[in-house]
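K.L.:
This is the structure alone, sequence omitted:
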């Protein structure tokens, strides 16, 4: 019975260094040099051939394309022309100006109302002393009559 044998001549210093590293690695792995070399040969044979690599890469690419398509459907990013975007920007600006104008009108109306209230308060303050009303807890001596209808104790209310 014949046993296969591998004879390799290693002529360069680089080749001899490679064998030395291989023997050290086999020893680290607690393998014989023969076992180590045979494992290396097996691993080299099991690696994908170029055709297998191309088909695996093509399959990965297709899988990635499918994932991208699925994500695109979920995300649904709208596309718009430059004109459409410009129109939208103009509309947003118009709305912003409109809102600012409304706020300005509201502030002007509030200021008008505040001024009107202030005028009413000052007119009421002018009327109060002439009506002999109770102010801040002070009671007027003529308080026993009905000032609203002008029926106090004989005194007439001046009208201003």
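P.N.:
Perfect, thanks for sending it. Note that the structure is predicted; figures quoted are calculated from it, not measured.
K.L.:
okay, now residue 36: neighbour count?
P.N.:
By other CB atoms under 10 Å, the residues close to residue 36 number 17. The way it works is simple: take the backbone N, C-alpha and C, and place the C-beta from them, glycine included.
K.L.:
Touching, it and residue 26? I think so.
P.N.:
Yes. Between residue 36 and residue 26 there is a contact under CB atoms under 8 Å: 3.5 Å.
K.L.:
Show me the strands in the protein, by range?
P.N.:
Using DSSP state E, no strands are found in the chain.
K.L.:
okay, and the helix or strand of it with the least pLDDT?
P.N.:
Counting by mean pLDDT, DSSP states H and E, the weakest-scoring helix or strand in the chain turns out to be helix 50-75, with a mean of 71.
K.L.:
Where does pLDDT dip in the chain?
P.N.:
Low-confidence segments of the chain (pLDDT under 70): 47-56, 73-78, 129-160.
K.L.:
what's the longest helix in it?
P.N.:
Looking across the chain with DSSP state H, the single longest helix is helix 82-130.
K.L.:
Disregarding flanking residues, what is the spatial nearest neighbour of residue 6?
P.N.:
Excluding the flanking residues, the one nearest residue 6 by CB to CB, 6 or more residues apart in numbering is residue 37, at 7.8 Å.
K.L.:
neighbours of the one you found, just the number please.
P.N.:
Residue 37: 17 surrounding residues under other CB under 10 Å.
K.L.:
Contact partners for it?
P.N.:
Residues in contact with residue 37 (CB atoms under 8 Å, 6 or more residues apart in numbering) are 6, 22, 26.
K.L.:
Now intersect those with the helices, please.
P.N.:
Using DSSP H, the members of the contacts of residue 37 that fall in helices are 22, 26.
K.L.:
ok, of the contacts of residue 37, which come out buried?
P.N.:
With burial judged by 16 or more other CB atoms under 10 Å, the buried subset of these is residue 26.
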